[in-house]
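Asks: got a sequence here, can you model it:
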Amino acid sequence: AVPAAARAAGSAGVEAEERACGQAAAAAGLYAKTHPLTSPLFASDEQLRAAYAPAGGAACPVYVLAAGLDPLLDDAVDLNTRLRRVGVDGELHIERRMPHSFMSFPSLHHVPDVAGALTKTEGWLEEAMAA
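Replies: Model prediction:
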């Protein structure tokens with residue numbers, strides 16, 4: 001067993017390292033609302049192409065899952081449209097009766113619409129990985 005003092009010292013070191021990484025990312029502008037890594041909606045077409053088809057290779061398909069009651073639904077539709085325009089294959093699925101972040105709550109995974117979305121997403125990923 002690890003003594004409590006050693007665990008606390010290790011935890012403090014990890015927290016300090018995480019804080020330093022966060023500060024470095026913030027200084028580099030990675031947390032800015034308009035940074036392409038924060039929101040791909042702010043990426044140029046070239047940045048999108050580079051992110052999904054690195055080094056001119058084949059673009060990996062993208063599965064965009066959105067909730068119909070999500071205030072960010074328009075952003076998901078816009079991203080999907082832009083990805084198709086730059087040649088990235090994939091699919092857009094909208095779960096019409098679901099709120100923002102609905103798949104993040106395990107307590108909702110038994111709800112038929114959520115369970116169906118999980119099953120569809122899993123099937124799409126399995127198919128994409130097999131291709």
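
Asks: so which strand or helix has the closest residue to residue 92 other than its chain neighbours?
Replies: Excluding the flanking residues, the one nearest residue 92 by Cβ to Cβ, 6 or more residues apart in numbering is residue 80, at 4.1 Å. For glycine as for every other residue, the C-beta is placed from the backbone atoms N, C-alpha and C. Element membership for residue 80 (DSSP states H and E) is helix 73-85.

Asks: buried residues in that helix?
Replies: 76, 79, 80, 82, 83 (16 or more other Cβ atoms under 10 Å).

Asks: follow-up on the earlier one: report the separation between the residue nearest to residue 92 and residue 40.
Replies: Note on residue 80: its distance to residue 40, by Cβ to Cβ, to the nearest Å, is 11 Å.

Asks: check residue 52 too.
Replies: Between residue 52 and residue 40 the computed distance is 9 Å (Cβ to Cβ).

Asks: more crowded one of the two?
Replies: In this view residue 52 and residue 40 are compared by other Cβ atoms under 10 Å, and residue 52 has more residues nearby, 20 against 17.

Asks: contacts only, for that one.
Replies: Neighbour list for residue 52: 59, 60, 62, 83, 86, 88 [criterion: Cβ atoms under 8 Å, 6 or more residues apart in numbering].

Asks: tell me the most packed of these, by neighbour count.
Replies: Neighbour-wise, the contacts of residue 52 (other Cβ under 10 Å) top out at residue 83, 23 neighbours.

Asks: contacting residues for that residue?
Replies: 48, 52, 62, 64, 90.

Asks: wait, the third one sits on residue 92?
Replies: What that stands for is residue 62. No - assessed by Cβ atoms under 8 Å, residue 62 is found out of contact with residue 92, at 9.1 Å.
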